[in-house]
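Asker: the following block contains a protein sequence and its predicted model.
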Amino acid sequence: MKTVTLYTDGACSGNPGPGGWGAILEYGPHSVELSGGEAQTTNNRMELTAVIRGLERLKEPCRVELYSDSKYVIDALEKGWALSWQRRGWIKSDKKPALNPDLWQRLLDLAQTHDLNCHWVKGHADNPKNNRCDAMAVAEWKRLREE
């Protein structure tokens, strides 16, 4: 099984508002940057979309080292929250609806295909790849705001 590294970030101007996401996939000496955005979205939706788009780009099951500054994404995956929400019909333990069930369902499906290892990184700090993903995400929401 190949090991790939996936760095991701999402950004939003206003929450909700125009948003963007960025991802970097690395395999050995190969690297690809991905980005996109939505005119009306939330920061958490962009964080999830970055991970989903990165995983969707993989052509075969891989061991994926995921680096994200989103506690929402990392904790929900690592601590099993997202699986619990799914089992309860997208209801959280506090009986409130889980947000973004469409994206969580897609991400959980992709996570079953790959061996996903999650790593939280401090945002806007000293991780150059995370900072690059942030720059791509911000560029996307700025582009959307100007349209």
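Answerer: Alright, I've got the coordinates.

Asker: give me the distance between the closest residue to residue 115 other than its chain neighbours and residue 147.
Answerer: Excluding its sequence neighbours, the residue lying closest to residue 115 (C-beta to C-beta, 6 or more residues apart in numbering) is residue 63, at 4.4 Å. From N, CA and C alone the C-beta is placed, and that goes for glycine too. Using C-beta to C-beta, to the nearest Å, residue 63 is found at 39 Å from residue 147.

Asker: which one's more surrounded, those two?
Answerer: The neighbour comparison of residue 63 against residue 147 (other C-beta atoms under 10 Å) goes to residue 63, with 13 against 6.

Asker: can you name the residues that contact that one?
Answerer: Contacts here follow C-beta atoms under 8 Å, 6 or more residues apart in numbering; on that basis residue 63 touches 1-4, 114-115, 117.

Asker: hmm, try it at 10 Å
Answerer: By C-beta atoms under 10 Å, 6 or more residues apart in numbering, the residues touching residue 63 are 1-5, 114-117.

Asker: nearest to residue 139 among these?
Answerer: Residue 139 lies nearest to residue 5 out of these, by C-beta to C-beta, at 21.7 Å.

Asker: show me what counts as buried in the helix or strand containing the closest one.
Answerer: Assigned by DSSP states H and E, residue 5 belongs to strand 3-12. By 16 or more other C-beta atoms under 10 Å, the buried positions in strand 3-12 come out as 4-12.

Asker: tell me the mean pLDDT for that strand?
Answerer: Across strand 3-12, pLDDT averages out at 97.

Asker: counting contacts, what elements does it pack onto?
Answerer: strand 17-27, strand 30-41, helix 43-56, strand 63-68, helix 71-78, strand 115-120, helix 128-146 (3 or more C-beta pairs under 10 Å, 6 or more residues apart in numbering; DSSP states H and E).

Asker: do you know which of these lies nearest residue 103?
Answerer: Of the helices and strands packed on strand 3-12, nearest to residue 103 by C-beta to C-beta is helix 43-56, at 4.2 Å.

Asker: what angle separates the closest one from helix 128-146?
Answerer: 120 degrees (axes from the mean of the first three to the mean of the last three C-alpha atoms, to 10 degrees).

Asker: what angle sits between helix 43-56 and strand 3-12?
Answerer: Here helix 43-56 points in a direction 150 degrees away from that of strand 3-12 (the same axes, to 10 degrees).
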